[in-house]
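[1] the sequence and its predicted three-dimensional model are supplied below.
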Amino acid sequence: MSRENVIDLGLNDAYNDLFSTQEERDNAQRSYVIDLAPEQIGDFPNHPFHVRMDESMMELAESVKQYGVLVPSLVRPLPDGGYQMVSGHRRKRAAELAALPVLPCIVRDLTDDEAVIIMVDSNLQRERVLPSEKAFAYKMKLDAMKRQGQRTDLTSVPLGPKLRSNKELSEQSPDGVTQIKRYIRLTNLIPELLDMVDHSVLKEPGKLQMALRPAVELSYLTVEEQRALLEAMVSEDRTPSHAQAIKMREFSEKGRLNPDVILSIMQEEKPNQVEQVKIARNRIDRFFPAGTPAQKIEETIVKALELYRRRERSMER
């Protein structure tokens with residue numbers, strides 16, 4: 001048996017689990033491993049998953065610098081002689097940061113739709129995936145599965161292509177059909193509103209945060225209505241509740257949603273709403289070390305006020 005055939009058999013065993021949704025295709029395809037310079041590999045078009053320069057990336061880069069890239073990336077050859085990254089964007093970036101001249105890559109012939117499905121499946125296994133990443137990833141994969149169904153006759157007449165594709169997608173994903181539909185709806189949001197949904201996961205202090213359910217309702221608003229809502233959100237320094245979002249959608253469907261109606265709904269008191277006192281962060285930053293969590297700042301201010309109140313009372317006596 002040739003060395004190339006040995007490599008092929010080893011790859012089929014080692015990566016069978018990682019690309020389980022492509023199992024039948026993978027068994028029929030010929031793969032091989034080569035070392036490629038990072039500049040030889042182009043990014044996946046419209047890649048929905050962000051490569052963040054965060055602490056995790058720095059740790060990965062340091063590991064790569066010490067031990068090299070232990071798990072090969074998956075690339076596919078391009079007609080012009082170059083390669084396109086399918087799975088391994090973070091490893092490629094870590095290799096660049098570690099100044100490695102080459103990184104190991106599995107080269108595999110894949111169609112556009114096969115590449116999309118593998119790219120999405122491999123990245124959904126990350127520890128933290130933002131709502132915006134899931135939204136566009138699920139949409140890309142669903143569109144690819146529908147095209148495959150049309151070509152290979154995977155759909156059945158009673159179910160129809162749309163329902164069958166949704167069902168297959170949920171079986172291969174960490175989310176159910178309903179949740180996947182919600183994520184895909186987010187692709188209809190303007191970027192500023194979609195960012196607020198990500199902020200709710202990242203818990204970034206000082207930034208407006210919006211839960212998934214109200215965001216889904218707001219995705220049915222027109223772009224102009226979403227722009228008007230964004231202005232009201234910034235002005236009121238708040239995001240709508242699920243009930244308020246439903247009300248806005250209802251007004252929109254009746255053609256009656258305008259900036260005045262939006263502002264009126266936004267100013268309605270939410271159930272169990274507690275009035276908040278806001279202090280500009282730049283007025284208190286000098287009292288706290290950089291990176292102090294908002295909760296810790298709040299607790300410290302409350303304790304300081306309690307001490308101040310006790311001191312005032314003692315002076316009055």
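    Perfect, I can see it now.

[2] find me the pLDDT at Asp109, would you?
    On pLDDT, Asp109 comes in at 94.

[3] what is the burial count for it?
    12 (other C-beta atoms under 10 Å). (Glycine included, C-beta is placed from N, CA and C.)

[4] check Lys134 too.
    For Lys134, the count of nearby residues is 25 (other C-beta under 10 Å).

[5] residues in contact with stretch 178-194?
    Stretch 178-194 has contacts (C-beta atoms under 8 Å, 6 or more residues apart in numbering) with 131-132, 134-136, 138-139, 142, 166, 169-170, 173, 175, 197, 210, 212-213, 215-216, 218-220, 223, 226-227, 229-230.

[6] could you redo the last one with a cut-off of 6 Å?
    With contacts defined as C-beta atoms under 6 Å, 6 or more residues apart in numbering, stretch 178-194 is touched by Ser132, Lys134, Ala135, Phe136, Tyr138, Lys139, Ser170, Val216, Ser219, Gln226, Leu230.

[7] which PyMOL command selects the buried ones in these?
    Here is the PyMOL command that picks out the buried ones among the contacts of stretch 178-194, judged by 16 or more other C-beta atoms under 10 Å:
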select buried, resi 132+134+135+136+138+139+170+216+219+226+230
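
[8] could you work out the most separated pair of the contacts of stretch 178-194?
    Ser170 and Leu230 (31.7 Å; C-beta to C-beta).

[9] quick one on the thing from earlier: just the contacts of stretch 178-194: which are in helices?
    Among the contacts of stretch 178-194, the members found in helices (DSSP state H) are Ser132, Lys134, Ala135, Phe136, Tyr138, Lys139, Ser170, Val216, Gln226, Leu230.

[10] nearest to His242 among the contacts of stretch 178-194?
    Comparing those against His242 with C-beta to C-beta places Val216 closest, at 9.1 Å.

[11] so what's the closest one up against?
    Arg182, Arg185.

[12] please repeat the previous calculation with a cut-off of 10 Å.
    For Val216, the contact set (C-beta atoms under 10 Å, 6 or more residues apart in numbering) comprises Lys181, Arg182, Tyr183, Ile184, Arg185, Leu186, Asn188, Leu189, Val197, His242, Ala245, Arg249.

[13] shaky segments in this protein?
    Residues of the chain meeting the criterion pLDDT under 70: 1-29, 150-174, 269-278, 281, 316-317.

[14] which residues of it fall in strands?
    Remark: strands assigned in the chain by DSSP state E are 31-36, 41-42, 73-77, 83-87, 103-108.

[15] can I get the ones you listed in a markdown table with distance to Val201?
    Converted to a markdown table, the strands of the chain look like this (distance: least, C-beta to C-beta, whole Å):
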| stretch | distance to Val201 |
| --- | --- |
| strand 31-36 | 34 |
| strand 41-42 | 29 |
| strand 73-77 | 26 |
| strand 83-87 | 23 |
| strand 103-108 | 30 |
